[in-house]
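In: Fold the following.
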Amino acid sequence: MSKAKVAVLKVVSHQLSVAAAAAEYGYSRQQLYKLLARYKTGGLDALEPRSRRPHTNPQAVNGEVRDFVLATRRRLTRDGWDAGPISLAAELDKAGLPVPSTSTIRRILHTAGLITPEPRKRPRSSYLRFEAAQPNECWQSDFTHWRLADGSDVEILNWLDDHSRYLLGCTVHAPVTGAIVVDAFVQVSNDHGLPASTLTDNGRVYTARHGGGCNAFEYLLAAMRITQKNGRPHHPQTQGKVERFHQTLKKWLTRQPPATTITELQTQLDTFRTTYNEHRTHRALNRKTPGQTYRATPKATPTGAPQDHFRLRYDHIDNSGKVSIRRAGKMHHLGIGTAHHGKEILAIADAHEITVIELRTGEILSTHDINPNRSYWRNKQRNPGRWPRPPVA
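Out: Residues are numbered from 1 along each chain as shown. Coordinates of the predicted model:
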């Protein structure tokens, strides 16, 4: 029995006076009289401790904000987007509603039973975080697996700007090959300009250095004076931004109708890319979208790289030592030399010149001036040497 109940019963049973009971049980006489009044109106139950919480709170979240938080949480979760307190705060701001603290938003979600407790994770403050200072200073790239409705495996290749998290390219393939990586890089570069560097893992589509050679992507980076960066083997945290991006992408895809074809999946990816870049704010970007952040700062460029758009052509040298290409609707022939017949080549063309590289060795086989008035373009160099390795950070 509580001390208040004992003191009151001692008084009402005439065992102690009010003054004596107050002194024995540590109450003032005023306090004890209040307890006696509560007893007379409500019995012993009225002597239970009462909450000191105020009846009103001018700082309390209003019902409109609470309803918006809960409805938006359900909508974002249904559509496959992140729906944590930071994302919800950004949605409140866009809607012109008062924005409470993220801890208040979290309490609203807890009270509504919309948060499932998870095991404690390593605190974010313990990670060493890197971010490029400018757009196009560094592009991260990786591909991830996905399955079509019939269970067939496909691969989604992504290019992500390190500074802004802007999704530069997102394409589906079956599977991703070295040639596809080069073609996708060229397309993205023609759309957004050349990056100063790239950051990828050590997959064979990105680098052949661990096998003692170079691949087409490395030759291309060298030609464009782009620094190549590769993470440590078995350490995906180096490419943490694109690895984390894959979680966002797959969470969204899981909420979509399963695609039956590659074309249908690519349509879904195009929709995702637009929403991710232009409509969804990013918590690492101070409630801005990747598109806003990408366009807010001047872009970095590689030192000494060609400024014109460039084109690539994979081919084999024919028995007469030539490769034929079509330019502006006319057929032209590159004279490389019969000694190189049968070799697989990569031709890199800008507005003025074409360089032909042997894919297997990286040797520069020829360079040709572009002359629209001639059909045959001779090799300008007799012993051009070997294509250099790309600069490595």
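In: where are the low-confidence patches of the protein?
Out: The chain contains residues with pLDDT under 70 at 1, 56-59, 121-129, 211-212, 234-235, 305-309, 362, 382-393.
In: center of it - which residue?
Out: Centrality entry for the chain: nearest residue to the mean C-alpha point is residue 245, 3.2 Å, by CA atoms, centre = their mean.
In: Not counting residues beside it along the chain, what's closest to that residue?
Out: residue 160 (5.7 Å; CB to CB, 6 or more residues apart in numbering). C-beta coordinates here come from the backbone N, C-alpha and C atoms, glycine included.
In: what comes up buried for whichever strand or helix holds the one you found?
Out: Using DSSP states H and E, residue 160 maps to strand 153-161. Neighbour-count burial for strand 153-161 flags 154-161 (criterion: 16 or more other CB atoms under 10 Å).
In: what do you get for stretch 322-332?
Out: Buried residues in stretch 322-332, counted by 16+ other CB under 10 Å: 322-323, 325, 332.
In: ok, which stretches of the stretch 201-350 of the chain are helices?
Out: Counting by DSSP state H, counting those that start in this stretch, the stretch 201-350 of the chain has helices at residues 216-223, 240-254, 262-278, 290-296.
In: And for the third one, what's in contact with it?
Out: What it means is helix 262-278. Contact partners of helix 262-278, identified using CB atoms under 8 Å, 6 or more residues apart in numbering, comprise 146, 148, 154, 156, 166-167, 170-174, 248-249, 252-253, 256, 259, 289-291, 294.
In: Kindly write the ChimeraX command that selects the buried subset of those.
Out: Buried residues among those (16+ other CB under 10 Å), as a ChimeraX selection:
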select :146,148,154,156,166,167,170,171,172,173,248,249,252,253,259,289,290,291,294
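In: what about residue 65, how many residues close to it?
Out: Neighbour count for residue 65, taken as other CB atoms under 10 Å: 19.
In: Also the one 3 residues further on?
Out: Residue 68: 17 surrounding residues under other CB under 10 Å.
In: I believe it is in a helix; please confirm or correct that.
Out: Yes: remark: residue 68 belongs to a helix, assigned using DSSP: H, G, I helix; E, B strand; the rest coil.
In: Between the helices of the stretch 201-350 of the chain, which one is closest to residue 28.
Out: helix 240-254 (61.1 Å; CB to CB).
In: now for the closest one, which elements pack on it?
Out: strand 139-147, strand 153-161, helix 262-278 (3 or more CB pairs under 8 Å, 6 or more residues apart in numbering; DSSP states H and E).
In: How far does it sit from its chain's centre?
Out: Centre-to-centre, helix 240-254 and its host chain are 7 Å apart (CA atoms, centre = their mean, to the nearest Å).
In: quick one, that helix and helix 262-278 angle?
Out: Calculated by axes from the mean of the first three to the mean of the last three CA atoms, to 10 degrees, helix 240-254 forms an angle of 120 degrees with helix 262-278.
In: just to revisit the earlier point, can you list the strands that the strand holding residue 160 pairs with?
Out: strand 139-147 (antiparallel), strand 167-173 (antiparallel) (DSSP bridges).
In: In a markdown table: those strands, plus distance to residue 8.
Out: Shown next, in a markdown table, are these (distance: least, CB to CB, whole Å):
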| stretch | distance to residue 8 |
| --- | --- |
| strand 139-147 | 70 |
| strand 167-173 | 71 |
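In: Please identify which of the ones you listed is closest to residue 31.
Out: Here strand 167-173 is closest among the strands paired with strand 153-161 (CB to CB), at 66.8 Å.
In: just checking, next helix/strand downstream of that closest one?
Out: Downstream of strand 167-173 (by DSSP H and E), the next one is helix 178-192.
In: Distance to residue 81 added to the helices and strands packed on helix 240-254, as a markdown table?
Out: Below are the helices and strands packed on helix 240-254 laid out as a markdown table (distance: least, CB to CB, whole Å):
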| stretch | distance to residue 81 |
| --- | --- |
| strand 139-147 | 18 |
| strand 153-161 | 17 |
| helix 262-278 | 8 |
